[in-house]
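[1] Show me the folded form of this:
(one chain, ligands or ions: 1)
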Amino acid sequence: MKTKQPIDAFARDLPREVRESVYVSSKAKYDKRLDSLNQSYTAPDSIRKLAGQIKQHTLENLPTYLGSAVEQLEKNGAKVHFAKDGQEANETILEIMRGVGATKLIKSKSMVSEEIHLNPFLEKHGCESIESDLGEFIVQLDNDMPSHIVTPIVHKNRKQIATTFQKAGIGEDYNDDPQTITRRARSFLRQKYIEAEVGLTGGNFVSAESGRIALVTNEGNARFSISANKTHIALIGIEKVVPSDKDMAVLLNLLARSATGQQLTVYTQFINGPKAAKQPDGPENMHVIFLDNERSNILGSEFKEILRCIRCGACLNVCPIYRQSSGHAYRAVYPGPVGAVLSPLLAGKKYPDYADLPKASSLCGACNEVCPVDIPLPELLLRHRNKAKQEGIKKASAGTPSMAGWSVLCSSPAMWKTSLRAGKAMDYISLNLIPVPAVQAWAKERTLPPFRGGKFRQWFKEHKRNKEA
Ligand code: SF4
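    As a prediction, this is how the structure comes out:
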């Protein structure tokens, strides 16, 4: 799905069932996260702070830790590549495939591969690239985009998925029973695992101490993707390095709890390198591609804290804007608060195209409270707004009221009282009937909620009266 609309306009037109399904799923994940953290730790906030410090320390010493990760990986038998951008990463993958005479690749869930648009690139070059994560597989069949970092099809219901399967000829008939859908996907994908010649994974963390790569899934598809192939490619952002295996343990504990409320994901896999001579199976070649794609620039900027992100999705689940608008509203691979900070930065020269995203926030601070690595997301959103202003980037959204006007209104009690009365009247008047261009532009992209103002003044008067009586 592609959209050029600002978030608020996209949210306004979102079908009710999509909004409900995003809201229900986000809230359920948020509640599970809270229970899981409180059951496991007496002071969940202190482990969150510790994780933030580990990641921040790594970022501040990234060249050192990246260097030792490369050394260890090579010692373990992996070949390490660096890609400065998506194009270079895609070309490296294609070159590796051609080098082993492969045209079929199977892929476990990897947001970085979404970021570089790997599937269309490989298809353009005559190679098959199949998603093995069930949600990503459905997204691929539908030619859609993930709408959540962890649960890519949170915007779809089982009827839509059954129709997708029917259209793709997976299974004999239409069937929207979830178990049948899963069984059909499984038997389709089993064949693809066997046929593939190369398996591609991401990497949740890489230990600089041992070169060990941690991979987490709930479906076991990362194992399947690499165990039947002779070649394994791990595509990893440079920021995924951590100093030691011990640090990796802290982050793994927080990742599962923050993402899905589990103590650990069902499959947590540690890859040391290609198969050893004594091992009966596993990939004979292992390539690790470290992707930069603007990350070095981010590291040297006022937004560097965003590179602590471990892609748990907790900030999406708690965000009132994400819950109302869904991930597609953010027009990029990374949605929600993390996406509002990261997507404009990853866009490089196209920064202005995404400069409206940081404005889609009430700055309530909930995203920072849930973030397992304590990223100051509201602060970063404000820095973006400031940057856009300093660089004279025009508002993407028409009709945004000026803060100067708002300040005048709030500074005058008489004007404020009058505006409250006018606000009440707005419940009965359509904004489209007001012949003021700014109001019309505003109303084109937004809906006004029912007026609830004036309640405090009423309460205050009554309270004063009761006190005096
Ligand atoms: S910014 Fe924090 S909460 Fe959001 S996805 Fe990244 S780690 Fe998770």
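[2] ranges for the helices of the stretch 151-300 of the chain?
    158-168, 178-195, 221-227, 245-260, 295-299 (DSSP state H, counting those that start in this stretch).
[3] can you list those helices in CSV and add mean pLDDT, distance to Q140 and mean neighbour count?
    (Glycine included, C-beta is placed from N, CA and C.) Shown next, in CSV, are those (pLDDT from 0 to 100; distance: least, C-beta to C-beta, whole Å; neighbours: other C-beta atoms under 10 Å):
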stretch, mean pLDDT, distance to Q140, mean neighbour count
helix 158-168, 94, 10, 16
helix 178-195, 95, 11, 14
helix 221-227, 91, 13, 24
helix 245-260, 96, 21, 21
helix 295-299, 97, 26, 18
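[4] how about those in TSV, adding distance to the ligand?
    Formatted as TSV, the helices of the stretch 151-300 of the chain follow (distance: least, C-beta to the nearest ligand atom, whole Å):
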stretch	distance to the ligand
helix 158-168	25
helix 178-195	26
helix 221-227	19
helix 245-260	6
helix 295-299	13
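[5] I'd like those laid out as CSV, including distance to K467.
    CSV is the format used below for these (distance: least, C-beta to C-beta, whole Å):
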stretch, distance to K467
helix 158-168, 57
helix 178-195, 58
helix 221-227, 65
helix 245-260, 46
helix 295-299, 55
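[6] residues from the protein in reach of the ligand?
    Within the chain, the positions near the ligand by C-beta under 6 Å from any ligand atom are 258, 309-315, 338, 370-373, 375.
[7] circling back to that earlier point, tell me which of the helices of the stretch 151-300 of the chain lies nearest to V206.
    Closest to V206 of the helices of the stretch 151-300 of the chain, according to C-beta to C-beta: helix 245-260, at 8.4 Å.
[8] Nearest to Q166 among the residues of the chain next to the ligand?
    G313 (29.5 Å).
[9] Measure how buried that closest one is and give me the count.
    27 (other C-beta atoms under 10 Å).
[10] Ok, the one 4 residues further on next?
    As a burial measure, the neighbour count of N317 was computed by other C-beta under 10 Å and equals 32.
[11] remind me which residues of the stretch 301-450 of the chain are low pLDDT?
    Scanning the stretch 301-450 of the chain for pLDDT under 70 picks out the ranges 395-402, 445.
[12] For L381, find the nearest of the helices of the stretch 151-300 of the chain.
    helix 295-299 (14.8 Å).
[13] any chance you could map the strands in this protein?
    79-83, 104-107, 128-131, 198-201, 205-207, 213-217, 231-237, 241-242, 267-271, 285-291 (DSSP state E).
[14] Adding mean neighbour count and mean pLDDT as columns, could you present those in a markdown table?
    Shown next, in a markdown table, are these (neighbours: other C-beta atoms under 10 Å; pLDDT from 0 to 100):
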| stretch | mean neighbour count | mean pLDDT |
| --- | --- | --- |
| strand 79-83 | 17 | 98 |
| strand 104-107 | 24 | 97 |
| strand 128-131 | 21 | 96 |
| strand 198-201 | 27 | 97 |
| strand 205-207 | 25 | 98 |
| strand 213-217 | 23 | 97 |
| strand 231-237 | 24 | 98 |
| strand 241-242 | 26 | 98 |
| strand 267-271 | 17 | 95 |
| strand 285-291 | 23 | 98 |
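[15] any chance of these in TSV, with distance to K159 too?
    Output for the strands of the chain, formatted as TSV (distance: least, C-beta to C-beta, whole Å):
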stretch	distance to K159
strand 79-83	40
strand 104-107	27
strand 128-131	21
strand 198-201	31
strand 205-207	37
strand 213-217	26
strand 231-237	34
strand 241-242	42
strand 267-271	29
strand 285-291	37
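[16] for the closest residue in space to N368 that isn't next to it in sequence, what are its contacts?
    The spatially closest residue to N368, leaving aside those adjacent along the chain, is L377, at 5.1 Å (C-beta to C-beta, 6 or more residues apart in numbering). Neighbour list for L377: 315, 337-338, 341, 367-368, 371 [criterion: C-beta atoms under 8 Å, 6 or more residues apart in numbering].
[17] Where does pLDDT dip in the stretch 1-150 of the chain?
    Scanning the stretch 1-150 of the chain for pLDDT under 70 picks out the ranges 1-5.
[18] residues contacting the residue in it positioned nearest to the ligand?
    Closest approach between the stretch 1-150 of the chain and the ligand, counting by C-beta to the nearest ligand atom: I149, at 6.0 Å. For I149, the contacting residues are 111, 311-313, 316, 334-336, 338, by C-beta under 8 Å, 6+ apart.
[19] if we go to 7 Å?
    The contact partners of I149, by C-beta atoms under 7 Å, 6 or more residues apart in numbering, come to 111, 311, 313, 316, 334.
[20] quick one: which of the residues you listed is nearest K424?
    Relative to K424, and with distances defined as C-beta to C-beta, the nearest of these is L316, at 35.3 Å.
[21] what about that closest one, neighbour count?
    31.
[22] Now it. Nearest residue, chain neighbours left out?
    L316 sits nearest to G336 (C-beta to C-beta, 6+ apart), 3.2 Å away.
[23] Tell me which residues touch that neighbour, please.
    Neighbouring residues of G336 by C-beta under 7 Å, 6+ apart: 315-316, 319, 322, 327.
[24] Return a ChimeraX selection command for the buried portion of the residues of the chain next to the ligand.
    To isolate the buried members of the residues of the chain next to the ligand in ChimeraX, using 16 or more other C-beta atoms under 10 Å:
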select :258,309,310,311,312,313,314,315,338,370,371,372,373,375
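[25] where do the helices sit along the stretch 351-469 of the chain?
    Using DSSP H, counting those that start in this stretch, the helices of the stretch 351-469 of the chain run over 351-354, 366-370, 377-390, 403-411, 413-425, 437-445, 455-468.
[26] what would these look like in JSON lines with distance to Y174?
    Shown next, in JSON lines, are these (distance: least, C-beta to C-beta, whole Å):
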{"stretch": "helix 351-354", "distance to Y174": "39"}
{"stretch": "helix 366-370", "distance to Y174": "39"}
{"stretch": "helix 377-390", "distance to Y174": "42"}
{"stretch": "helix 403-411", "distance to Y174": "53"}
{"stretch": "helix 413-425", "distance to Y174": "50"}
{"stretch": "helix 437-445", "distance to Y174": "38"}
{"stretch": "helix 455-468", "distance to Y174": "51"}
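[27] most tightly surrounded among these?
    For these, the largest average neighbour count (mean count of other C-beta atoms under 10 Å) is found in helix 366-370, namely a mean of 21.
[28] Count the neighbours of P280 for me.
    P280: 5 surrounding residues under other C-beta under 10 Å.
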